[in-house]
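In: next come a sequence and a model predicted from it.
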Amino acid sequence: MSSEDQFDFEQAGEDARKLVLLGAAQKAGLFPALTEETDIATLKHKLKADERALFIVLEALCRLGYVNRRNDKYSLADKARPLFIEHGDDYVGDYLPHLLNILEAWLALPEIIKGQKPERETSKDVASFMHAMASKPDSFVEEVVSHCLGRMKEAKSALDLGGGPGKYAKAFVNRGLDAVLYDLPQTIDYVSTEFRLKDIKNLTLKKGDFTRDEFVKEFGGLSFDIVFMGNICHIYSEEENKRLIKNVTNLLRKGGLVAIEDFVRGRSPDAEMFAVNMLANTEGGGTWTEAQYREWLEGAGFHSIEITDLAERGNQLITAFLEKA
């Protein structure tokens, strides 16, 4: 192993501590509170925070260059604004609280390796998870939707299954389709107001649980041109994914398109490490190979399967058509 390939444990540890510090500051509301110059007494009252903790954290953030101090007043540094305040391409403010939840789950890996069951991901912080998912770049979402509509040019309707903050559902609506966003009740309750999805014309919000075979009946025979499944399959086991894809056939019109965005093991450089995240957060989740996806889809009656490597991230889009007969 060359020196360039060696893992620098000391630097990695330092970087991890920085990430936790930045994530904690963001989750505690510190960065938004520093958009204007202010002192610790004001911050203590505004954030209902501990004075000693504020001083130590602020001084550390000053050392890292994310906060400026002038006399006894603190303010956000210029380099921190695009990261934590401005919702542009560099914004990570909504992702960092979710990252803290991920790191917390990973700390239980020693016990999980020995057989302890992880806490279900769906039972964790809905707000942090939804904001993290919503931080996905619009350009990436548009790339995925364009691939779908490139294969299904005459599509008029789409179901965004487990679509969380509705970025894909909104993208389909913006391209002229009627869309339904289907997710757990607590998720729909949150995103309908937090992301103003309830006000979007041609977007229907529907509560339910697609892990139940009976969920298909909730649509009353309604069928779609496209069923989109973004970042779903990695949460579930092989058997659960087979069953879900089979159920999806009852929500697609004949000749309709299923589109699955995920990390495909053997094609994505991130698949193996992401599977560890699923080990830490789910009972049966993981990342699955191209052969497995093909087996599940063909077994459910799909054909013309295509797997596309997406340009902006290390994951793939799997598309296939349901048999017409």
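Out: Perfect, I can see it now.
In: please make it C-alpha for all contacts and neighbour counts, starting now.
Out: Noted.
In: okay, residue 312: pLDDT?
Out: We have a pLDDT of 67 for residue 312.
In: repeat for the one 4 residues further on
Out: At residue 316, the predicted lDDT confidence score is 97.
In: helices of the stretch 101-250 of the chain, start to end?
Out: Taking DSSP state H, counting those that start in this stretch as the criterion, the stretch 101-250 of the chain contains helices spanning 109-113, 126-134, 138-151, 167-174, 185-194, 238-248.
In: could you pull up the mean pLDDT of the first one?
Out: Think helix 109-113. Helix 109-113 comes out with an average pLDDT of 96.
In: just the last one next, same as before
Out: Confidence for helix 238-248, expressed as mean pLDDT, is 97.
In: and the host helix or strand of residue 276, what's its mean pLDDT?
Out: Per DSSP states H and E: residue 276 is located in helix 271-281. Mean pLDDT, helix 271-281: 95.
In: what packs against that helix?
Out: In terms of contacts (3 or more CA pairs under 8 Å, 6 or more residues apart in numbering; DSSP states H and E), helix 271-281 is packed against helix 96-106, helix 109-113, strand 264-265.
In: what sits up against whatever helix or strand comes next after that helix?
Out: As assigned by DSSP H and E, the chain's next helix or strand after helix 271-281 is strand 288-289. By CA atoms under 8 Å, 6 or more residues apart in numbering, the residues outside strand 288-289 that reach it are 234, 263, 264, 265, 266.
In: wait, what's in contact with the last one?
Out: Contacts were defined as CA under 8 Å, 6+ apart; by that measure residue 266 touches 289, 290.
In: which phi and psi does it have?
Out: In this entry, residue 266 is assigned phi and psi values of phi 100, psi -20 (degrees, to the nearest 10).
In: tell me the pLDDT at it?
Out: pLDDT for residue 266: 95.
In: longest single strand anywhere in this protein?
Out: Scanning the chain for the strand with the most residues, using DSSP state E, yields strand 252-262.
In: now the helices and strands packed on helix 271-281 in a markdown table, with distance to residue 188?
Out: A markdown table is the format used below for the helices and strands packed on helix 271-281 (distance: least, CA to CA, whole Å):
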| stretch | distance to residue 188 |
| --- | --- |
| helix 96-106 | 18 |
| helix 109-113 | 31 |
| strand 264-265 | 28 |
